[in-house]
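Colleague: Any chance you could fold what I've pasted below:
(chains A and B)
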Number of protein chains: 2
Amino acid sequence: MKPYAPGEQPPPGKFIKLNTNENPFPPPPAVVAAITAAASGPLNRYPDPMATSFRRAAADALGLPGPEWVLAGNGSDEILTILVRGFVGEGQSLRLPYPSYILYRTLADIQGASWEQVPFADDWQLPAAFGESREDLRLVLLPNPNSPSGTIVPPAQIKEIADSLDCPLVVDEAYVDFANENCLDLVTQNERVMVTRTLSKSYGLAGLRFGFLVAQPHIVAELTKIKDSYNCDMISIAAATAAMHSQDWLAEKVAALNVTRQRMAIELGEMGFETVPSHANFVWCTHPSGQHKAIYEYLKANQILVRYMEFPEWGDGLRISVGTDEQIDACLLMIRRFLNQNS
Amino acid sequence: MKPYAPGEQPPPGKFIKLNTNENPFPPPPAVVAAITAAASGPLNRYPDPMATSFRRAAADALGLPGPEWVLAGNGSDEILTILVRGFVGEGQSLRLPYPSYILYRTLADIQGASWEQVPFADDWQLPAAFGESREDLRLVLLPNPNSPSGTIVPPAQIKEIADSLDCPLVVDEAYVDFANENCLDLVTQNERVMVTRTLSKSYGLAGLRFGFLVAQPHIVAELTKIKDSYNCDMISIAAATAAMHSQDWLAEKVAALNVTRQRMAIELGEMGFETVPSHANFVWCTHPSGQHKAIYEYLKANQILVRYMEFPEWGDGLRISVGTDEQIDACLLMIRRFLNQNS
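Modeller: As a prediction, the model looks like this:
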């Protein structure tokens, strides 16, 4: 079995990290305060197994009908693991678009299940095949916005896909805070639609490991039986609750990053790159020279990490996370230098 | 499927909690300091996926050959989940003693696997059947010290069991810091022996969710492919590393709790209870009157929580965690009062 390989994690401070879509800003001050307060709390006691304070704050922040629509997890990776364990048995199958988040395939492999990849169209639209039912198909996973493209499938189309499927459709909204649309409304309309979220990207909390599922309450209740009893710790529950209360911080940082994203696309375009309009905190770009790997290596040699991604039978390219303006300036400067030297 | 039901978690402060084997003492001061420091660290970055600092500290504290013998997890519950996912497929089987930790059965159920319970003998010895190989048997789980009994199977006997089995034997040493023996040496002698540990009990860190596996390096490497990439967060890694560096604190608290445990057994005996010599931070006791549930309810009505446990076809009893001397005095006083009123 081939394990999932996450992006490189160099020693902190030595690199400009634009390879794993982390937020370049430190987390909301209220989060740091909450952690410090929790450090002096009753750590010798088990945490709240349902992370009630977080669920309430999330339901409130997202305008959900109530906390029973939320399942908290140790990162959205754990939520995805729980979903695959809950819905897909050995010999059964899950579906994902291609290219997208490779982890879904790893989760199927671990489960002894199979996976089916439905290629995106050239314009990153989903073909009708993505919504077709199939006997052994038990779960469909759609990252939206997608990675590596940053593109988004409109909720109206996702509603049609969900309606045509016999099995649950999980919309992985890891990057949705950087977009203008989301699928939360669909969850209330169709019990087969579920949404996963993470605090790793938009909230600047990749180090905390906190994600959650939004689903109809009876599904949350069933999945609760699968999760480890105490899957979230006392400190991360306190921190994640504070993050949900930091919606002004979120709006401000997202706005800043989206401006930088726009600038990245323009400057990359000026250097001859093709980019796709991104609704996430990264930009996917390809260059007519095809020298993606060489650019990645040149940047790495200069202590700038971006993500070189190669998708068999599809192609390769660079996925560059949106950093601070200074970080992006440095990255664009080095890419420009590379291109000047190698064209 | 019947989910695993952990002990009751009342609102903090209102109850004397002697029902989930938490440490009554707050965690080592170095842990609180490490959390506070980590709160100001780069939380916007992903944590070290292998928790290297923790693995080094654990290998050092436990005298292991090296950090590659350690796999860190989000509580030993996650380690157990990884082990069952890694070794037991659908339709295959795992074995556990009875009565012991019910969670193992739940993990088998979630996996679509079956489980086989081998009853302890009346004196809490393991029968030969526990070490017999069987075609579909893929994992044997032995809590040692066991819960609810607190009894321990000597490592020499566990070595014989492991040698006679064709599949891995996991010794769940959640409570072993309260005992005088452990199975770490067996891990170096036999690749099929693995040990799980938790920081929830002896280190006073139930709220943190941190546990680990000790196994031969090639097994750790394989299981790493199954775990979520970033299964431990930055703050708990820092805290757990500090805990491993707090061996003097550990020795002092364990010594104090073991003295209290001894006193509990004596005083319960004076009230007519039968107790089993415990090597853990709890005492299992039964009373000739059989009024275990009534005692549990009387205590609960008086804001003292102990664990009433009923094992079908085996019997019931009370499992009382070792608390502070004051907590235990209060508990024993109320039990005495109950018995005076109801005999």
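Colleague: Show me the helices in chain A, by range?
Modeller: The residue ranges that make up the helices of chain A, judged by DSSP state H, are A:29-39, A:52-62, A:76-87, A:103-111, A:155-164, A:184-189, A:217-224, A:234-244, A:247-270, A:292-301, A:325-341.
Colleague: Please work out which of the ones you listed is packed deepest.
Modeller: Ranked by mean neighbour count under mean count of other CB atoms under 10 Å in any protein chain shown, the helices of chain A are led by helix A:234-244, which reaches a mean of 27. Any C-beta I mention is one placed from the backbone N, CA and C, and that applies to glycine too.
Colleague: Quick check: mean pLDDT of it?
Modeller: Helix A:234-244 shows a mean pLDDT of 98 in the predicted model.
Colleague: And for stretch A:88-108?
Modeller: Averaged across stretch A:88-108, pLDDT comes to 95.
Colleague: buried sites along it?
Modeller: Residues of stretch A:88-108 classed as buried by neighbour count (16 or more other CB atoms under 10 Å in any protein chain shown): A:88-89, A:92-97, A:99-108.
Colleague: give me the subset of these touching chain B.
Modeller: Among the buried residues of stretch A:88-108, the residues that sit close to chain B (CB under 8 Å from any CB of the partner chain) are A:Gly89, A:Leu103.
Colleague: Distance of A:Asp136 relative to chain B?
Modeller: With the distance defined as CB to the nearest CB, to the nearest Å, A:Asp136 ends up 14 Å from chain B.
Colleague: same thing with A:Asn182?
Modeller: A:Asn182 is 22 Å from chain B, where distance means CB to the nearest CB.
Colleague: Would you report the backbone torsion angles of that residue?
Modeller: A:Asn182 has phi and psi values of phi -150, psi 180 when expressed as degrees, to the nearest 10.
Colleague: hang on, isn't it packed against A:Glu173?
Modeller: Yes: under the contact definition of CB atoms under 8 Å, A:Asn182 touches A:Glu173, with a separation of 5.8 Å.
Colleague: Adding distance to B:Val259, write the helices of chain A out as CSV.
Modeller: Rendered in CSV, the data for those read as follows (distance: least, CB to CB, whole Å):
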stretch, distance to B:Val259
helix A:29-39, 29
helix A:52-62, 37
helix A:76-87, 40
helix A:103-111, 46
helix A:155-164, 61
helix A:184-189, 54
helix A:217-224, 39
helix A:234-244, 28
helix A:247-270, 50
helix A:292-301, 58
helix A:325-341, 57
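Colleague: what sits against A:Arg192?
Modeller: A:Ala162, A:Leu165, A:Cys167, A:Pro168, A:Leu169 (CB atoms under 8 Å, 6 or more residues apart in numbering or on different chains).
Colleague: biggest separation within those, which pair?
Modeller: Taking CB to CB as the measure, these span a maximum distance of 9.8 Å, between A:Ala162 and A:Cys167.
Colleague: Looking at A:Asn182 and A:Glu173, which is more packed in?
Modeller: When neighbours are counted by other CB atoms under 10 Å in any protein chain shown, A:Glu173 comes out ahead of the other of A:Asn182 and A:Glu173, with 23 against 20.
Colleague: wait, doesn't the more buried one sit right on A:Val193?
Modeller: No: with contacts counted by CB under 8 Å, A:Glu173 stays clear of A:Val193, the gap being 11.3 Å.
Colleague: any residues in contact with both of those two?
Modeller: By the contact definition CB under 8 Å, 6+ apart, A:Glu173 and A:Val193 are jointly contacted by A:Cys183.
Colleague: Which pLDDT value goes with A:Lys2?
Modeller: In this prediction, A:Lys2 carries a pLDDT score of 69.
Colleague: Tell me the residues of the stretch 201-343 of chain A that contact chain B?
Modeller: With CB under 8 Å from any CB as the criterion, the stretch 201-343 of chain A meets chain B at residues A:204-210, A:224-226, A:228-236.
Colleague: rerun at 7 Å
Modeller: When proximity is defined by CB under 7 Å from any CB of the partner chain, the stretch 201-343 of chain A lies next to chain B at A:204-209, A:225-226, A:228-231, A:233-236.
Colleague: Point me to the residue sitting closest to the centre of chain A.
Modeller: With distances taken as CA atoms, centre = their mean, chain A has A:Ala174 as the residue nearest its mean C-alpha position (2.9 Å).
Colleague: show me the contacts for that residue.
Modeller: By CB atoms under 7 Å, 6 or more residues apart in numbering or on different chains, the residues touching A:Ala174 are A:Ser76, A:Pro143, A:Thr198, A:Lys201.
Colleague: from memory the last one sits against A:Asp172, does it?
Modeller: Which is A:Lys201. No: under the criterion of CB atoms under 7 Å, A:Lys201 makes no contact with A:Asp172, lying 11.5 Å away.
Colleague: Apart from its neighbours in sequence, what residue is nearest A:Gly207?
Modeller: With CB to CB, 6 or more residues apart in numbering or on different chains as the measure, B:Met234 is the residue that lies nearest to A:Gly207, at 3.6 Å, once sequence neighbours are left out.
Colleague: The one you found contacts B:Tyr46, doesn't it?
Modeller: No: at 8.3 Å, B:Met234 and B:Tyr46 do not qualify as touching, with contact defined as CB under 7 Å.
Colleague: Test my guess that A:Ala238 contacts A:Thr36.
Modeller: No: at 9.6 Å, A:Ala238 and A:Thr36 do not qualify as touching, with contact defined as CB under 7 Å.
Colleague: Near A:Arg45, how many other residues are there?
Modeller: Using other CB under 10 Å, A:Arg45 has 22 neighbouring residues.
Colleague: Now for it: which residues touch it?
Modeller: Counting by CB under 7 Å, 6+ apart, the residues that A:Arg45 touches are B:Pro12, B:Lys17, B:Glu22, B:Ala206, B:Gly207.
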